[in-house]
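Visitor: fold the following, please.
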Amino acid sequence: MSDAAIFAISLGVTLVGLVASWGVYRRRGAASGARGAALSLIPLAASMTGVTSFFADLVFSPMKWAGVAVAGLAIVLYLASGAALSRRSVTEGDGGKAARKAPKTKQAGAGKAPKGAVGGAAPTAADPDLAEIEDILRNRGIK
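Guide: All right, here's what the predicted structure looks like:
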């Protein structure tokens, strides 16, 4: 498509948008009218900077669509490999399985504390940071 045709179409769309923005300004106020005018100027700005011709060439060029397809394939492969790597790191080794399969033991005499109770049993988690967080939650009455 020629540059003159793209400019003419963009100018027409901009003018229609500015007329509509004037109507919006009259009905809803200056803020809505200014927003409409800003959006209406985008096609003209895109035409003047050459962005419109890039997208027009993209739409009508099979080679550029093939490039878009290859970029999409690259993104899908990257995301799939990330999911596979995260799954493999969880299932690899004994660390992840042993931690999940370890039985949870309760302390003797440690039952549920009453709802308003502030104190509680000592944390039973193996990780000291997690134990501290559990203690804080327990003190605030959060399960």
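
Visitor: mean confidence for stretch 30-45?
Guide: Stretch 30-45 comes out with an average pLDDT of 92.

Visitor: just give me the residue right at the centre of the chain.
Guide: Centroid-nearest residue in the chain: Leu79, 14.3 Å away (criterion: C-alpha atoms, centre = their mean).

Visitor: what separates that one from Leu73, distance-wise?
Guide: When distance is defined by C-beta to C-beta, to the nearest Å, Leu79 is 11 Å away from Leu73. C-beta: built from backbone N, CA, C; applies to glycine.

Visitor: same check, this time on Ser89
Guide: Distance, Ser89 to Leu73, using C-beta to C-beta: 25 Å.

Visitor: dump the residue contacts of Val16.
Guide: Ser40 (C-beta atoms under 8 Å, 6 or more residues apart in numbering).

Visitor: which helices and strands sit right next to the biggest helix by length in the chain?
Guide: If you go by DSSP state H, the chain has its longest helix at helix 62-91. The contact analysis (3 or more C-beta pairs under 8 Å, 6 or more residues apart in numbering; DSSP states H and E) places helix 62-91 against helix 51-60, helix 95-101.

Visitor: rank those helices by pLDDT, which is bottom?
Guide: For the helices and strands packed on helix 62-91, mean pLDDT drops lowest on helix 95-101, to a mean of 52.

Visitor: could you find the closest non-adjacent residue to Gly33?
Guide: Tyr25 (2.6 Å; C-beta to C-beta, 6 or more residues apart in numbering).

Visitor: in what helix or strand does the one you found lie?
Guide: helix 3-28 (DSSP states H and E).

Visitor: what about that helix, distance to the chain center?
Guide: 32 Å (C-alpha atoms, centre = their mean, to the nearest Å).

Visitor: good, we can wrap up now.
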